[in-house]
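Enquirer: the following comprises the amino acid sequence and a computationally predicted model.
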Amino acid sequence: MITIHNFSRGVRGLRVVWQCEEMGLAYQAVGFEFPPPPEYRAKYPPGSVPFLEDEGGVAIGESVAQMLYLAQRYGPTPLLPAEPAALARVLQLTVGAEASLGGLMNPLMGTKFAAPDADKVNWTNGFCEARVADMLDYVDGLLGEGDFFVGDSLTLADIAVSTSLGMWQGALGKDVAPRLAAHRDRMRERPGYGAAARAFAAP
Ligand SMILES: N[C@@H](CCC(=O)N[C@@H](CS)C(=O)NCC(=O)O)C(=O)O
């Protein structure tokens, strides 16, 4: 059985559970509040979430790695198309959702919620915001007037990027271009998203 550990309302774990819902995979969601309990750190010493366990001794951190693992182990799935150009774009955007979006938002969230007042405005914040804004302009252009980032159906790219947008809009309170905001709204209307959100709702 796939087990996904995550903070209650944790956006990155939501990615993975949402994917399970879209693929029709059975899973168990284990939610907890920050800070992670000692038994979680014993499983995954960095203490960040999500963390996934599966049959066969699988124990894996990093949300995007988990998404690719599930698609490969339990696919083939249209979420990770085989056609080379589509595959390349899905991989780029799925990895990029964390490497060029979510990863840059962590320092911004740390600064917003945890930094002392004297450190709230700093050079690194401006750098991270500018890099995220560049990437969002780029993904907005890729989306164009389409319903999905790649092709005409849902892929891992939609799941990964729209959840990063959730951190940008939600936790950080930033504006999102209209087409990206509409894409996020469409994603949140999917039954799989709703089921995943309920799996990690606050207790
Ligand atoms: N690149 C990692 C980032 C993990 C991450 O930063 N998770 C956040 C929650 S969404 C977290 O654990 N924050 C608290 C911490 O790092 O202590 C991934 O995609 O899984």
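Expert: Yep, it's here.
Enquirer: near the ligand, which residues of the chain?
Expert: With Cβ under 6 Å from any ligand atom as the criterion, the chain comes near the ligand at residues 7, 10-12, 47-50, 62-64, 98, 102-103, 106. The C-beta positions use only the backbone N, C-alpha and C, and glycine is treated the same way.
Enquirer: quickly check those residues for the two that are furthest apart.
Expert: For the residues of the chain next to the ligand, the maximum inter-member distance is 18.3 Å, found between Gly47 and Val64 (Cβ to Cβ).
Enquirer: so for the two, which sits in the more crowded spot?
Expert: The residue with more neighbours, out of Gly47 and Val64, is Val64; 21 against 15, by other Cβ atoms under 10 Å.
Enquirer: SS state for the more buried one?
Expert: Classification of Val64 by DSSP: H, G, I helix; E, B strand; the rest coil places it in helix.
Enquirer: following element in sequence after whatever helix or strand Glu39 lives in, please.
Expert: If you go by DSSP states H and E, Glu39 is part of helix 38-43. Sequence-wise, the next helix or strand beyond helix 38-43 is strand 51-54, with elements assigned using DSSP H and E.
Enquirer: which residues are in contact with that next one?
Expert: 1-5, 16, 40, 43-44, 58-61, 66, 69, 73 (Cβ atoms under 8 Å, 6 or more residues apart in numbering).
Enquirer: among these, which ones are buried?
Expert: Judged by neighbour count, with 16 or more other Cβ atoms under 10 Å as the criterion, the buried members of those are Ile2, Ile4, His5, Val16, Tyr40, Tyr44, Ile60, Gly61, Gln66, Tyr69.
Enquirer: among the residues you listed, which ones are in helices?
Expert: With DSSP state H as the criterion, helices contain Val16, Tyr40, Gln66, Tyr69 from among the buried ones among the contacts of strand 51-54.
Enquirer: check contacts around the third one.
Expert: Pointing back at Gln66 there. Under the criterion of Cβ under 8 Å, 6+ apart, the contact list for Gln66 reads Ile4, Arg15, Val16, Pro50, Leu52, Ile60.
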